[in-house]
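Asker: Give the three-dimensional model of this entry:
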Amino acid sequence: MILADLNQLPAADASHTFMQCCTSSTWVNKMVNARPFASETALTQAADDAWLGLTEQDYFEAFEGHPKIGDVSSLRAKYANTKELAGNEQGLVKEADDDVLEVLSQGNSDYEEKFGFIFIVCATGKSAKQMSDLLQARLPNNKAQELVNAAEEQRKIFQLRITKAFEKTLAEG
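Answerer: Modelled structure (predicted):
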């Protein structure tokens, strides 16, 4: 996709495009309404600006668009809506041994029970062991701090997906 195309898309198509990056409907609506963007830098800045000040419920809605890290059975279902740009974000999990996956699975359960939402981490380039270690390091946090951490990880994810959308266009061009 090129920026001019994004700026000219009908609102429904622009919503679909932004939903590939983040499943918070408030964020998506803010992004659709922020168009036109003068540059890719303006687009990525608008994405960050739209993310700031969202409610806890908006963040939870965004988090619900992700599968649990390492939960291979939920990857297909959860990525169905965002697969165009999220396809291989947990690719290194496939290489993990059973012990690491078991620790990761238990950590996910502990995390969700404690905080009320799934563990969010920008998984691109991280092994299952690295993600498991990050999860264990974040488990002692309080909910307020963890919401800040998860929101920042979600921000990294949507920025990465925005970048991928433009790289995909350049590769196809």
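Asker: on contacts alone, who are the packing partners of the longest helix seen in the chain?
Answerer: For the chain, the longest helix by residue count, based on DSSP state H, is helix 143-172. Secondary-structure packing of helix 143-172 (3 or more C-beta pairs under 8 Å, 6 or more residues apart in numbering; DSSP states H and E): helix 40-51, helix 56-63, helix 83-86, helix 98-115. C-betas here are computed from N, CA, C, even on glycine.
Asker: what's the closest of these to I69?
Answerer: Ranking the helices and strands packed on helix 143-172 by proximity to I69 (C-beta to C-beta) places helix 98-115 first, at 6.4 Å.
Asker: which SSE is S15 in?
Answerer: In this structure, S15 sits in helix 11-19 according to DSSP states H and E.
Asker: So, low pLDDT: which residues of this structure?
Answerer: Scanning the chain for pLDDT under 70 picks out 70-97, 168-173.
Asker: I'd like the helices and strands packed on helix 143-172 as CSV, with mean neighbour count appended.
Answerer: Output for the helices and strands packed on helix 143-172, formatted as CSV (neighbours: other C-beta atoms under 10 Å):
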stretch, mean neighbour count
helix 40-51, 16
helix 56-63, 18
helix 83-86, 18
helix 98-115, 16
